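> Sequence first, then the predicted structure:
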Amino acid sequence: MGKITKKRKEALAKFDCAKVYSLTEASSVVKTITNTNFDASVDIDVRLGVDPRKANQMVRGTVALPHGTGKTVRVLVLCTPDKEEEAKAAGADYVGLDDYVAKIKGGWTDIDVVITMPSVMPKVGALGRILGPRGLMPNPKTGTVTMDIGKAVQEVKAGKIDFRVDKFGIVHAGVAKVSFDVEKIEENARELIQTIIRMKPSAAKGTYVKSIFMSSTMSPGIQVDPKSIT
């Protein structure tokens with residue numbers, strides 16, 4: 001435990017945790033204070049003035065990060081045989097239907113995104129209790145239930161992520177890796193935050209963006225000034 005504390009002390013000495021930084025500054029600071037022996041993920045937490053229990057204040061959507069996430073995304077496509085070639089050509093890691101449905105029922109979930117088509121949703125729906133809690137359930141709103149399988153696979157592989165507000169009113173998403181250039185971290189983070197701002201529900205009253213924090217795996221959070229997102 002002592003080791004982490006020492007690293008954390010070093011990190012805290014390199015920035016002012018009481019200060020509110022611009023997005024550009026935060027993107028630079030996060031690289032400075034991350035002291036891990038692996039390529040840590042850069043995360044954004046946006047606290048919103050919404051009541052997520054109300055359907056008309058749900059904030060959920062997708063965003064294409066200009067520079068991708070830096071992560072390898074494992075994609076499973078559950079489709080009819082006539083769509084298998086399209087899925088494979090677009091770069092899907094796993095393609096099939098009944099065999100993968102059986103595998104998932106048996107507890108297999110070594111995937112990051114599941115893409116499917118409307119006609120097989122009844123079969124996929126039966127996997128809800130396994131896929132749902134892991135955030136893997138396909139949904140037309142996030143473009144993962146579609147007839148355009150090839151395009152959906154390509155978008156996910158290129159850095160399209162989906163996000164949703166949690167029960168505490170916070171949207172949490174990984175937007176980059178610490179090894180990215182400062183500009184790329186900033187541009188990816190800006191794209192996510194601007195998308196969330198555009199999605200403000202008309203039913204949300206008062207301050208919409210209450211706070212924004214940027215952090216990396218193991219680093220302290222850096223507060224970002226919402227006014228610096230234009």
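Sure thing, it's come through.

> Which of the three states applies to the residue most central in space within the chain?
The centre of the chain sits closest to A173, judged by Cα atoms, centre = their mean, with a distance of 4.0 Å. On the three-state scheme (DSSP: H, G, I helix; E, B strand; the rest coil), A173 is labelled strand.

> Next, the closest residue to it other than its chain neighbours: secondary structure please.
Nearest non-adjacent residue to A173, counting by Cβ to Cβ, 6 or more residues apart in numbering: F163, 4.7 Å away. Glycine gets a C-beta too; all of them are placed from N, C-alpha and C. For F163, the assignment made with three-state DSSP gives strand.

> Roughly how far does the residue nearest to the centre of the chain sit from T72?
According to Cβ to Cβ, to the nearest Å, A173 and T72 sit 17 Å apart.

> With F180 instead?
Taking Cβ to Cβ as the measure, F180 falls 15 Å from T72.

> What separation do you get for the residue nearest to the centre of the chain and I33?
For A173, the distance to I33 equals 20 Å [Cβ to Cβ].

> try K83
Applying Cβ to Cβ to K83 and I33 gives a distance of 46 Å.

> now the strands for this protein?
Assignment of strands within the chain using DSSP state E yields the ranges 20-21, 41-48, 60-64, 75-78, 94-96, 113-116, 160-164, 170-177, 209-216, 222-224.

> CSV please, covering the ones you listed and showing distance to A189.
Shown next, in CSV, are the strands of the chain (distance: least, Cβ to Cβ, whole Å):
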stretch, distance to A189
strand 20-21, 12
strand 41-48, 5
strand 60-64, 11
strand 75-78, 24
strand 94-96, 31
strand 113-116, 21
strand 160-164, 12
strand 170-177, 5
strand 209-216, 7
strand 222-224, 8
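
> how about those in JSON lines, adding mean pLDDT and distance to K14?
Output for the strands of the chain, formatted as JSON lines (pLDDT from 0 to 100; distance: least, Cβ to Cβ, whole Å):
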{"stretch": "strand 20-21", "mean pLDDT": "95", "distance to K14": "12"}
{"stretch": "strand 41-48", "mean pLDDT": "96", "distance to K14": "16"}
{"stretch": "strand 60-64", "mean pLDDT": "90", "distance to K14": "29"}
{"stretch": "strand 75-78", "mean pLDDT": "98", "distance to K14": "38"}
{"stretch": "strand 94-96", "mean pLDDT": "98", "distance to K14": "42"}
{"stretch": "strand 113-116", "mean pLDDT": "96", "distance to K14": "35"}
{"stretch": "strand 160-164", "mean pLDDT": "90", "distance to K14": "28"}
{"stretch": "strand 170-177", "mean pLDDT": "95", "distance to K14": "19"}
{"stretch": "strand 209-216", "mean pLDDT": "96", "distance to K14": "13"}
{"stretch": "strand 222-224", "mean pLDDT": "95", "distance to K14": "10"}
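
> Any idea which of these gets closest to P138?
strand 113-116 (4.7 Å; Cβ to Cβ).

> give the contact list for the residue nearest to A173.
For F163, the contact set (Cβ atoms under 8 Å, 6 or more residues apart in numbering) comprises R60, G61, T62, V63, V171, H172, A173, L192, I196.

> Whichever of those end up buried, select them in ChimeraX.
This is how ChimeraX selects the buried members of those, with burial counted by 16 or more other Cβ atoms under 10 Å:
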select :61,62,63,171,173,192,196
